[in-house]
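Undergrad: 3D, please:
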Amino acid sequence: MRPHFRFEDLTIWQRAADLAVQFHSVAGTLQGRRLYRYAEQLRAAGLSLPNNIAEGSGSLHQTEFRQFLNIARRSLFEDASMVLVFEKMGLLQADQVTSLLADCDLLSRKITSFQRTLGA
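TA: The predicted structure is shown next:
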C-alpha cells in the first residue's frame, strides 16, 4: 500500500492537479508547434498549482499554509494570462480558452474560500 498525504484529500489540490494535467496537454500542443518556451512556461506555472497547495499543507502553521495558497492562486492567474495571450496569438481556440478560464476561475474561488477557513 502506498503512503497517503493529507493534501490528496483536499478538493483544491485535486482540482489543481486536474488543471495541471490540462495545461500539460495544451503545452504538448504548443511544443508540437515548436513553441518550446511557451510550453515550458505553461507546464511550470501549471505544476505550481498543486505543488504549492501540497507544500503548504505540510506547514506547521496556518499562516504559512495561507501564504502557499496565495502563491498557488497567483500561479493560477499566470496560467490564465498565458491562455488569454495564446488565444490572441491564434494558438488556442476560443472554446478551449473558455473551458480553461472557467476551471481557473472556479479553482481561484475555491482557494480563496479555503484560505478564509484557515483564519486571518
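
Undergrad: check contacts around the residue nearest to the spatial centre of the chain.
TA: The centre of the chain sits closest to Leu49, judged by Cα atoms, centre = their mean, with a distance of 3.5 Å. Listed by Cβ atoms under 8 Å, 6 or more residues apart in numbering, the contact set of Leu49 reads 16-17, 19-20, 72, 75-76, 79, 107. Just so you know, the C-beta spots here come from the backbone N, C-alpha and C atoms, and that holds for glycine as well.

Undergrad: wait, Ala72 touches Ser57, no?
TA: No: assessed by Cβ atoms under 8 Å, Ala72 is found out of contact with Ser57, at 10.8 Å.

Undergrad: between the two, which is the more surrounded one?
TA: Using other Cβ atoms under 10 Å as the criterion, Ala72 and Ser57 rank with Ala72 on top: 25 against 18.

Undergrad: which stretches in this structure count as helices?
TA: 11-32, 36-57, 62-88, 94-117 (DSSP state H).

Undergrad: ranking those by burial, who's on top?
TA: helix 36-57 (a mean of 20; mean count of other Cβ atoms under 10 Å).

Undergrad: figure out how far that helix is from the centre of its chain.
TA: The chain centre lies 6 Å from the centre of helix 36-57; the measure is Cα atoms, centre = their mean, to the nearest Å.

Undergrad: can I get it in CSV? Just the C-alpha atoms.
TA: Listed next in CSV are the C-alpha coordinates belonging to helix 36-57 (Å, rounded to 0.1, in the frame of the first residue of the first chain):
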residue,chain,number,x,y,z
TYR,A,36,9.1,25.2,-26.6
ARG,A,37,9.5,28.2,-24.3
TYR,A,38,5.7,28.7,-24.2
ALA,A,39,5.1,25.1,-23.4
GLU,A,40,7.7,25.0,-20.6
GLN,A,41,6.3,28.2,-19.0
LEU,A,42,2.7,26.8,-19.1
ARG,A,43,3.9,23.5,-17.6
ALA,A,44,5.8,25.2,-14.9
ALA,A,45,3.0,27.5,-13.8
GLY,A,46,0.5,24.6,-14.1
LEU,A,47,2.5,22.4,-11.8
SER,A,48,3.0,25.2,-9.4
LEU,A,49,-0.7,25.0,-8.6
PRO,A,50,-0.9,21.6,-6.9
ASN,A,51,2.7,21.7,-5.7
ASN,A,52,2.2,24.9,-3.7
ILE,A,53,-1.0,23.5,-2.2
ALA,A,54,0.7,20.3,-1.3
GLU,A,55,3.8,22.2,0.1
GLY,A,56,1.6,24.5,2.2
SER,A,57,-0.4,21.6,3.6
